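**Student:** Model the following, please.
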Amino acid sequence: MNDLRELRPGLWRWTAPHPAWRPGAARDSAGDWPQEVGCVAYAAPGTLVLVDPLVPDDGWPALDALVRAHGPRVHVLTTLRWHRRSRAAIVERYGAQTSRARAVLPAGVETVPLPRTGETMVWLPGPRALVPGDRLIGGRRGGLRVCPRSWLPGMETEALRAALAPLLELPVAMVLVSHGPPVLRGGRAAIARALAA
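**Tutor:** Predicted coordinates for the structure are as follows:
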């Protein structure tokens, strides 16, 4: 787990090298993403919530420490089906729950389904942090951008922008993306700029 960093009390982000990453992908192709992917941990009451976690072999001691300090329960949320990453290992190690059903989400954790996109983002109202999967990613020069068209089989970019527009109703401070650098302040404005580009 590289750069395990507490962004706000009880909210952490780290990166880890994705084993499926390959160098040399063409710009904006389906394989054009950074090797390091972002993961999030959030201390909800009595539960450590992990979003799209990827835990390398040497990262388990740090995650064990977070679970000891902020568990005892663990809840894993995935934003997209291919972001399961270390989910099975976490379920086995901690007996974690994996449902995104609203009735079983820990207090202070909400999901934001994006119809027809294959993605469900995670909204943490306390720290005002939005955790997207692939539909919003880090910009090439900071900020955010909508994912490349090649990442959207069966969907046009304008339809994706329309699906993302309701995010502007949230008072987002931070956008903790999976791909690229996170936005740590001015999140709602960064989303607005990405949708207008």
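
**Student:** which residues in the protein form strands?
**Tutor:** 2-8, 11-17, 36-44, 47-51, 73-77, 110-114, 119-124, 129-131, 136-138, 144-146, 174-175 (DSSP state E).

**Student:** looking at those strands, which is closest to A103?
**Tutor:** Nearest of the strands of the chain to A103, taken as C-beta to C-beta: strand 110-114 at 11.4 Å. For glycine as for every other residue, the C-beta is placed from the backbone atoms N, C-alpha and C.

**Student:** Could you find the closest non-adjacent residue to the most centrally placed residue in the chain?
**Tutor:** Nearest residue to the geometric centre of the chain (C-alpha atoms, centre = their mean): V131, 4.0 Å. Once flanking residues are discounted, V131 sits nearest to V122: 4.1 Å by C-beta to C-beta, 6 or more residues apart in numbering.

**Student:** For P17, see how far away the one you found is.
**Tutor:** V122 sits at a distance of 22 Å from P17 (criterion: C-beta to C-beta, to the nearest Å).

**Student:** So between those two, which is more surrounded?
**Tutor:** V122 (24 against 12; other C-beta atoms under 10 Å).

**Student:** Could you pull up the contacting residues of the more buried one?
**Tutor:** Going by C-beta atoms under 8 Å, 6 or more residues apart in numbering, V122 touches V40, V49, V51, L77, T79, V109, E110, T111, V112, L130, V131.

**Student:** Give me the residues contacting stretch 66-77.
**Tutor:** 10, 12, 41, 43-44, 46-53, 87, 90-91, 94-98, 100, 105-106, 109, 111, 122.

**Student:** Equivalent analysis for stretch 85-105, please.
**Tutor:** 18, 37, 39, 50, 52-55, 60, 63, 67, 71, 73-78, 110-111, 120.

**Student:** hmm, try it at 10 Å
**Tutor:** For stretch 85-105, contacts defined as C-beta atoms under 10 Å, 6 or more residues apart in numbering pick out 16, 18-20, 37, 39, 44, 47-50, 52-56, 59-60, 63-64, 67, 71-79, 84, 106, 109-111, 113, 120, 122, 178.
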